[in-house]
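*Asks:* Could you work out the structure for the sequence below:
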Amino acid sequence: MSKRASPDDRRRDLIAATVRVLAERGAAGASVRTIAAAAGVSPGLVTHHFGGVDRLVAASYDHVAAQVAAALETAVAAAGPAPRARLGAYVAANFTAPIADPALLATWLALWSLARGDAAMLARHEQHYAAFRARLEDLLGACGVAAERLRLTAIGVTALVDGLWLELCLSPDSFSADEARRIAADYLAGL
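*Replies:* Okay, the predicted model is just below:
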């Protein structure tokens, strides 16, 4: 006799399946049936646990954002107490696994496409990016960036990181993660 999965385990399985489906098929391919098949469950469990595919996709967005935030915080913690090392680690972590991953890029693209046409998903996107920039502002402030420059400096660093990350995921043969880290480090040193 097999043991039934707990509700929390089932929700985690459905989120993991949704992330895979978004990466493989994009937003248009993220149907209840496709996700349920990827999770190896009946379509009714999507509705039972999430009330529908929209809530499941939203929970998946939160899950992916939390994974990225956790990876960044792990890098910051490993960098030790020096503010510049912590900032450098936060930025550099974007160019290594699990963040610099073509499958993650595909998932983000699917989620971002949904944010363009759905106010709730756009609000979720803005919330996660605001948290990323706020953490970056904290790290920049600890390095001595003046309070009146923090917001725009964080936006600039975010743009640099996003651009390098995007190109690294799309065209990993055009430059290396080490080169991306060096470019970002040179930019940070210039601040």
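
*Asks:* Tell me which residues of stretch 25-39 come out buried.
*Replies:* 25, 27, 30, 32, 34, 35, 36, 38, 39 (16 or more other CB atoms under 10 Å). Every residue, glycine included, has its C-beta placed from N, CA and C.

*Asks:* Over to stretch 18-26?
*Replies:* 18, 19, 20, 21, 22, 23, 25.

*Asks:* I'd say the second one and residue 62 touch.
*Replies:* No - in terms of CB atoms under 8 Å, residue 19 does not count as a neighbour of residue 62; the distance is 11.2 Å.

*Asks:* so residue 102 makes contact with residue 169?
*Replies:* Yes - in this structure, residue 102 is within contact of residue 169 by CB under 8 Å, at 5.1 Å.

*Asks:* Neighbour count for these two, which is higher?
*Replies:* Legend: neighbour count by other CB atoms under 10 Å for residue 102 and residue 169, higher for residue 169 (19 against 12).

*Asks:* show me what contacts that one?
*Replies:* 100, 101, 102, 104, 105 (CB atoms under 8 Å, 6 or more residues apart in numbering).

*Asks:* Mind naming the longest helix for this protein?
*Replies:* helix 53-78 (DSSP state H).

*Asks:* any idea how far the helix or strand following that helix is from the chain center?
*Replies:* On the C-terminal side of helix 53-78, the nearest following helix or strand under DSSP states H and E is helix 83-92. With CA atoms, centre = their mean, to the nearest Å as the basis, helix 83-92 stands 18 Å off its chain's centre.
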